[in-house]
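Peer 1: What follows is a predicted protein model with its sequence.
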Amino acid sequence: MIRINLIPPEILQNRKDESRWKWVWLGGGILALVLAIFWGFIYLQVLTATADVASVQQDASNLQSQTSRFQIFQAKEADLKVRQGAVAAAVKGRIDWTRLLNELGLVIPTDAYLTAFTGTDAGGTGDNVVTMAGQAVDEPDDTPDNGYKSVAKMLVRLTDLQQLDSVWLSSMSLGASTDTQAGMITWAVNARVTPPTTSSSGN
């Protein structure tokens, strides 16, 4: 059986071309769809990244505002350190007489007392010295006789004081006792005063 195609070649070629163009348009449509999906994905990622950046910037702004509130405390702390340094420089090398007198009251035995106290503050240009004079009770009826033990005890305690060194007993004499009054030991002590490492006046 012989098949004869009576359609002109031009029409057959046009039909082939139309069929090819359909595939071309289909491929172009698919490519455009793929590109649109890809562009949409990238756009969503850009939006997400932009939102993250905005969130980070907002957090940074909040932290900056909080930091600004704390700067006043940092300024006050710095000012306090400057004031403390100024006070420390002002009192450096000064004798803490209040502390020294309080300590003397604690270390002098109960049977001895001060009658005179003189202190000299050289202000860093020389030795600071104190001169103390006082009396101690000598009980003649003590058995055994204590003699000058109260004065010796006082001298040992004075040498233990942080602000005193070179403690020296410059004089001592024993007064006569009577039937109604015990004899009194009169003593005088010299010492050099060294300023404390840190001033603790009033403590």
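Peer 2: Good, I have the coordinates.
Peer 1: Show me where this structure has its helices.
Peer 2: 9-91, 97-107, 149-159 (DSSP state H).
Peer 1: what's the most buried one of those?
Peer 2: Looking across the helices of the chain with neighbours counted as mean count of other CB atoms under 10 Å, the highest average goes to helix 149-159: a mean of 17. Heads up, the C-betas are built off the backbone N, CA and C, glycines and all.
Peer 1: and it, average pLDDT?
Peer 2: The average pLDDT within helix 149-159 is 88.
Peer 1: Could you check the angle it makes with helix 97-107?
Peer 2: For helix 149-159 against helix 97-107, the angle by axes from the mean of the first three to the mean of the last three CA atoms, to 10 degrees is 140 degrees.
Peer 1: In JSON lines, list the helices of the chain along with distance to residue 122.
Peer 2: Formatted as JSON lines, the helices of the chain follow (distance: least, CB to CB, whole Å):
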{"stretch": "helix 9-91", "distance to residue 122": "16"}
{"stretch": "helix 97-107", "distance to residue 122": "14"}
{"stretch": "helix 149-159", "distance to residue 122": "20"}
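Peer 1: where among those is the average confidence lowest?
Peer 2: Least confidently modelled of the helices of the chain is helix 9-91, at a mean of 80 by mean pLDDT.
Peer 1: for that one, the distance to its chain's centre please.
Peer 2: Relative to the mean C-alpha coordinate of its chain, helix 9-91 is positioned 42 Å out (CA atoms, centre = their mean, to the nearest Å).
Peer 1: now for it, which elements pack on it?
Peer 2: On a contact count with 3 or more CB pairs under 8 Å, 6 or more residues apart in numbering; DSSP states H and E, helix 9-91 meets no helix or strand.
Peer 1: returning to that earlier point: select, out of the helices of the chain, the one closest to residue 137.
Peer 2: helix 149-159 (7.1 Å; CB to CB).
Peer 1: got the CA coordinates for that closest one in CSV?
Peer 2: Extracted C-alpha coordinates of helix 149-159, given in CSV (Å, rounded to 0.1, in the frame of the first residue of the first chain):
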residue,chain,number,x,y,z
LYS,A,149,58.0,45.5,137.8
SER,A,150,55.1,47.7,136.8
VAL,A,151,57.4,50.1,135.1
ALA,A,152,59.2,47.3,133.4
LYS,A,153,55.9,45.8,132.2
MET,A,154,54.9,49.2,130.8
LEU,A,155,58.2,49.5,128.9
VAL,A,156,57.8,46.1,127.3
ARG,A,157,54.2,47.0,126.2
LEU,A,158,55.4,50.3,124.8
THR,A,159,58.0,48.6,122.6
